[in-house]
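**Q** sequence and computational prediction follow.
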Amino acid sequence: MSQSQERATSLYLGLMSGTSADGIDAALVRFSEDAAPLRCELVMGRTFAWDAPTRQDLVSLGQAAHEPSLDALGRLDVRVALAFADASRRLLEEAGVNTDSVRAIGSHGQTIRHRPYGAPPFTWQIGDGNVIAEGTGIDTVADFRRRDVAAGGHGAPLMPAFHAALLHSPDEDRAVLNLGGIGNFTLLPAHGEVRGFDTGPANALMDAWCHQHTGHDFDAGGEFAATGTVDDALLARLLAEPWFAQPPPKSTGREQFHLAWLQPALSAHHAAADVQATLMELTAATVANALREHQPRTQRVLVCGGGVRNPRLLSRIAARLPEVVVESTASHGLDPDFVEAMGFAWLARETLAGRPGNLPSVTGARGYRVLGAIHRA
């Protein structure tokens, strides 16, 4: 591709699989190269299911349920990358877009460990970018988080710079709330520094408990939780987790908030539906508590991620924040299911342009860094 063609091309493809490992989100995005402020259009977004054995391996590994052999881990790294490449090809085929029209793929990979408090700290996402580039014929940028960690940051969250570019308003203090497996905030004051941090479990614990007791991968619409009652004593024990009181920068993952973490707080008399209702309230409480502490004058919360499809969860968050408008990012032109995948398409664009993708005020890194490794097709 010539340099003139590169400048004219504005299509990028973003790939995201989050803590819940509930599917691969693929987003084909068109960016306005010359417009300020940034504009981006979701040309097409699709979610592709993991095959059952791979998802089981990812969930088990994410919860530290077993320690795989090096051979097994190496194979899983490639299996994940092959699935990402397949999702890319299928999306482009459905969109009727030739691979030559796509400048690059930005791939988050699949997090299998996130230890920002380790000695030394590290984060690890699998899904080899070499395999994606080879399988698609498209330049691929991957492994975005580790450079920030190397610079003393958490490597997470990485979406605040993207959120700021698209959703900031000079007229009101806003927050963007991503409800994936883990919840995280981007705080966008009308005037002031952008901040962001994880709030704790969002869907990950609810999904795991629901699967254990109903066989379903998630609690569709919060129906299971609706059959139970919040146990205030259990909720208090869960909220006593020291991590919640830590100041930002802070990040976490399924390796911390999983069923083994929950178990010591339970007693034999707890009904499964009551625990589900309490886990939903835990998400709502930690979200509301974090916002009140770190940006108490917030006027609007824009929600994205899988949790936006759970109206009962959103109603509980809104009930705990009665003075705040809680609404989907769809109200502002961003499909809530694909905001993160779009963000990784944007990060690939920033990397190829030599621009930093992190915000030190969010991650705690020593400075701005260009993120990711570039794998040429």
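**A** Good, I have the coordinates. Numbering: from 1, shown residues only.
**Q** helices along the stretch 101-250 of the chain, start to end?
**A** For the stretch 101-250 of the chain, the helices defined by DSSP state H, counting those that start in this stretch cover 129-136, 145-150, 160-167, 204-214, 223-226, 232-239.
**Q** I'd like to know which of those is closest to residue 106.
**A** Among the helices of the stretch 101-250 of the chain, the nearest to residue 106 by Cβ to Cβ is helix 129-136 (9.9 Å). Every residue, glycine included, has its C-beta placed from N, CA and C.
**Q** turn the helices of the stretch 101-250 of the chain into JSON lines, columns for mean pLDDT, distance to residue 75 and mean neighbour count.
**A** Formatted as JSON lines, the helices of the stretch 101-250 of the chain follow (pLDDT from 0 to 100; distance: least, Cβ to Cβ, whole Å; neighbours: other Cβ atoms under 10 Å):
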{"stretch": "helix 129-136", "mean pLDDT": "98", "distance to residue 75": "12", "mean neighbour count": "20"}
{"stretch": "helix 145-150", "mean pLDDT": "98", "distance to residue 75": "21", "mean neighbour count": "22"}
{"stretch": "helix 160-167", "mean pLDDT": "95", "distance to residue 75": "32", "mean neighbour count": "21"}
{"stretch": "helix 204-214", "mean pLDDT": "95", "distance to residue 75": "24", "mean neighbour count": "21"}
{"stretch": "helix 223-226", "mean pLDDT": "98", "distance to residue 75": "34", "mean neighbour count": "19"}
{"stretch": "helix 232-239", "mean pLDDT": "97", "distance to residue 75": "36", "mean neighbour count": "16"}
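**Q** residue 364 is nearest to which of these?
**A** helix 145-150 (8.7 Å).
**Q** helices or strands up against that closest one?
**A** For helix 145-150, the elements it packs on are strand 122-126, judged by 3 or more Cβ pairs under 8 Å, 6 or more residues apart in numbering; DSSP states H and E.
**Q** run me through the strand neighbours of the strand it packs on, direction for each.
**A** strand 110-115 (antiparallel) (DSSP bridges).
**Q** pLDDT weak spots in the chain?
**A** Across the chain, the ranges flagged by pLDDT under 70 are 1-9, 34-36, 63-66.
**Q** mind running it again at 80?
**A** Within the chain, the set of residues satisfying pLDDT under 80 comprises 1-9, 19-20, 33-38, 62-67.
**Q** from the middle of its chain, how far away would the lengthiest helix in it be?
**A** Determined from DSSP state H, the single longest helix within the chain is helix 70-95. On the basis of Cα atoms, centre = their mean, to the nearest Å, helix 70-95 sits 18 Å off its chain's mean C-alpha point.
**Q** which strands and helices sit next to that helix?
**A** Using 3+ Cβ pairs under 8 Å, 6+ apart: helix 70-95 touches strand 11-16, strand 24-31, strand 40-48, helix 52-62, strand 102-107, strand 122-126, helix 129-136.
**Q** and that helix, which residues are buried?
**A** Across helix 70-95, burial judged by 16 or more other Cβ atoms under 10 Å covers 76-77, 79-89, 91-92, 95.
**Q** make a markdown table from the helices of the stretch 101-250 of the chain and add distance to residue 327 to it.
**A** Compiled in a markdown table, the helices of the stretch 101-250 of the chain are given as follows (distance: least, Cβ to Cβ, whole Å):
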| stretch | distance to residue 327 |
| --- | --- |
| helix 129-136 | 34 |
| helix 145-150 | 29 |
| helix 160-167 | 12 |
| helix 204-214 | 22 |
| helix 223-226 | 21 |
| helix 232-239 | 26 |
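**Q** looking at the ones you listed, spot the one closest to residue 195.
**A** If we rank those by Cβ to Cβ, the stretch that ends up nearest is helix 160-167, at 7.4 Å.
**Q** give me the angle between that closest one and strand 40-48.
**A** With axes from the mean of the first three to the mean of the last three Cα atoms, to 10 degrees as the basis, helix 160-167 and strand 40-48 are set at 120 degrees to each other.
**Q** got the contact list for helix 160-167?
**A** Helix 160-167 is touched from outside by 37-38, 40, 174, 176, 186, 188, 194-196, 302, 329, 332, 334, 342-343, 346-347, 357-359, 362, with contacts defined as Cβ atoms under 8 Å, 6 or more residues apart in numbering.
**Q** sitting in strands, which of those do you find?
**A** 40, 174, 176, 186, 188, 195-196, 302 (DSSP state E).
**Q** show me the two of these that sit farthest apart.
**A** 40 and 195 (22.6 Å).
**Q** the more surrounded of these two?
**A** residue 40 (23 against 19; other Cβ atoms under 10 Å).
**Q** ok, the more buried one to residue 358 distance?
**A** For residue 40, the distance to residue 358 (Cβ to Cβ, to the nearest Å) stands at 19 Å.
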